[in-house]
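> Have a look at this fold, sequence not included:
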């Protein structure tokens, strides 16, 4: 009964077609096959649930079945992805996929620690790379990826989707340019992860890279609507020192007076997946986003309310960046990743407070800041 209720609830939130993709991605029955499109050009590395249901749905919705092939270390994932999208057999390795002449765009939706390496292979093989978040999990991956992204400008895209949501784009329109301090609060009810979950493996970057990076990136994106301040004080409060990345609050305060608060909690499994409440104030604008299904904006005497159905967390526009002109400024992704890796180090070390400077971090890593590159 619970599964039926969840299915009906998902249809109300996401619509019938997207819910069907989600359900088929879970079942992997192999009973359904989509007709391939002529001129298909996408290869997928990592054919799990996200690739099957979210990437697959967004691409199919806009362009039809544009997939050529896939690779996954899990043979069943690869086989069932190929069966559903009518692709024949999967590739035996990521290298085989990248080297195929009919693959022009590589979507990297594998485990987090593998993202940067696959992206570098794709870029140096002349492909366009779409990297699902995070783009990397440590500084050793960050350095060469930043250097490659600047060499291959316009051919690398990141999977941080919240800036592409209808709510954020509407808020951006109403906010205008301002250099005044911003207050942003993100309360996130996340999934419960057992001790065996692959996010728990030390090399995968913890939930800071896996989850919290989304809202650090969102904050950096919104700060870049005006002027991104250099120096920040970052503090962390942990519910449990044993599981520091599960129930925690991270606060960012800038030398200008910006105040950003991110709370991630996973005390119970959210019925409909990750749930977010975002509150914002800057200048004369106040806004509240309810799980990317509704936004309310107060701009002095003006009141704007808008609902989004299906729920719009930005996946459609984010995932199709390689094929249209609406894309992120990559320098924002570099900056948000720099801050995310700094926070990850704090949480891994159990630190409660550190001072952060974008300029100092670029120098420490021996990298040129984006504005000077």
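Great, that's in hand. Predicted model, so just to flag it, every value in this text is computed and none were measured.
> Tell me how far residue 338 lies from residue 126.
27 Å (CB to CB, to the nearest Å). C-betas here are computed from N, CA, C, even on glycine.
> More neighbours: which of those two?
residue 338 (23 against 10; other CB atoms under 10 Å).
> which ones are touching the more buried one?
Residue 338 sits next to 142, 358, 361, 362 when contact means CB atoms under 8 Å, 6 or more residues apart in numbering.
> In three-state terms, label it for me.
helix (DSSP: H, G, I helix; E, B strand; the rest coil).
> What score does residue 371 have for pLDDT?
At residue 371, the pLDDT value in this model is 86.
> What backbone torsions are found at the closest residue to it other than its chain neighbours?
Setting aside the residues directly before and after it, residue 371 is nearest to residue 331 in space (CB to CB, 6 or more residues apart in numbering), at 7.2 Å. According to degrees, to the nearest 10, the main-chain angles of residue 331 amount to phi -60, psi -30.
> Determine the number of other residues adjacent to residue 331.
So residue 331, with other CB under 10 Å, has 18 neighbours.
> was I right about it contacting residue 368?
No. Using CB atoms under 8 Å, residue 331 makes no contact with residue 368, being 11.2 Å away.
> In TSV: the contacts of residue 338, plus neighbour count.
What follows is those, written out as TSV (neighbours: other CB atoms under 10 Å):
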residue	neighbour count
142	21
358	20
361	18
362	19
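> Sort out for me which of those are in helices.
142, 358, 361, 362 (DSSP state H).
> The second one and residue 153: what is the separation?
Here the distance between residue 358 and residue 153 works out to 20 Å (CB to CB).
> again, but for residue 23
39 Å.
> What of residue 93?
Distance from residue 93 to residue 153, by CB to CB: 28 Å.
> So between these two, which is more surrounded?
Taking other CB under 10 Å, residue 93 and residue 153 do not tie; residue 93 has more neighbours (12 against 9).
> looking at it, the more buried one is touching residue 71, isn't it?
Yes. Look at residue 93 against residue 71 with CB under 8 Å: they come within range, at 6.4 Å.
> ok, how many other residues are close to residue 228?
19.
> so what's it up against?
220, 335, 358.
> same thing with residue 224?
Applying CB under 8 Å, 6+ apart, the residues near residue 224 are 329, 332, 335.
> now swap in residue 217 and tell me
Contacts of residue 217 by CB under 8 Å, 6+ apart are 133, 160, 162, 163, 332, 333, 336, 337, 340.
> Now do residue 189: how many residues are near it, please.
Residue 189: 20 neighbours (other CB under 10 Å).
> With residue 314 as the reference, measure out to it.
Distance from residue 189 to residue 314, by CB to CB: 18 Å.
> Tally up the residues packed near residue 69, please.
24.
> Is it bridged to anything, and to what?
residue 43 (DSSP bridges).
> Repeat that for residue 281.
Beta-bridge partners, per DSSP bridges, of residue 281: residue 183, residue 286.
> Tell me if I'm right that it and residue 183 touch.
Yes. Taking contacts as CB under 8 Å, residue 281 lies within contact range of residue 183: 4.5 Å.
> who's more crowded, these two?
Between residue 281 and residue 183, residue 281 has the larger neighbour count (other CB under 10 Å), namely 17 against 14.
> the strands in the stretch 51-200 of the chain, which residues?
Assigned by DSSP state E, counting those that start in this stretch, the strands in the stretch 51-200 of the chain fall at 67-71, 105-108, 128-131, 156-158, 182-189.
> Which strands and helices lie in contact with the third one?
For strand 128-131, the elements it packs on are strand 105-108, helix 115-124, strand 156-158, judged by 3 or more CB pairs under 8 Å, 6 or more residues apart in numbering; DSSP states H and E.
> Save these as TSV, and put in mean neighbour count and mean pLDDT too.
Below are the helices and strands packed on strand 128-131 laid out as TSV (neighbours: other CB atoms under 10 Å; pLDDT from 0 to 100):
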stretch	mean neighbour count	mean pLDDT
strand 105-108	25	98
helix 115-124	22	98
strand 156-158	25	97
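> now those as CSV including distance to residue 354?
What follows is the helices and strands packed on strand 128-131, written out as CSV (distance: least, CB to CB, whole Å):
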stretch, distance to residue 354
strand 105-108, 30
helix 115-124, 24
strand 156-158, 25
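> Centre-most residue in this structure?
residue 160 (3.1 Å; CA atoms, centre = their mean).
> Check the contacts of residue 338 and tell me the two furthest apart.
142 and 358 (13.4 Å; CB to CB).
> contacting residues around the spatially closest residue to residue 357 that is not a sequence neighbour?
Leaving aside its sequence neighbours, residue 357 sits nearest to residue 231 (CB to CB, 6+ apart; 5.0 Å). With contact set as CB under 8 Å, 6+ apart, residue 231 has these partners: 254, 255, 355, 356, 357.
> mind running it again at 10 Å?
253, 254, 255, 256, 355, 356, 357, 358, 359, 360 (CB atoms under 10 Å, 6 or more residues apart in numbering).
> next one: residue 320
Residue 320 neighbours (CB under 10 Å, 6+ apart): 55, 58, 59, 61, 62, 63, 66, 130, 157, 164, 326, 327.
> again with residue 155
105, 122, 123, 126, 127, 128, 129, 130, 148, 149, 322.
> Relative to residue 19, which of these is nearest.
Using CB to CB, the contacts of residue 155 come closest to residue 19 at residue 130, 23.8 Å.
> contacts for the worst-scoring helix or strand of the chain on mean pLDDT?
Lowest by mean pLDDT, DSSP states H and E among the helices and strands of the chain is helix 2-14, with a mean of 89. With contact meaning CB under 10 Å, 6+ apart, helix 2-14 is reached by 16-23, 57, 271-273, 291, 293, 309-313.
> Mind checking which of those residues are buried?
18-23, 57, 273, 291, 293, 310-313 (16 or more other CB atoms under 10 Å).
> Thank you kindly, that will do.
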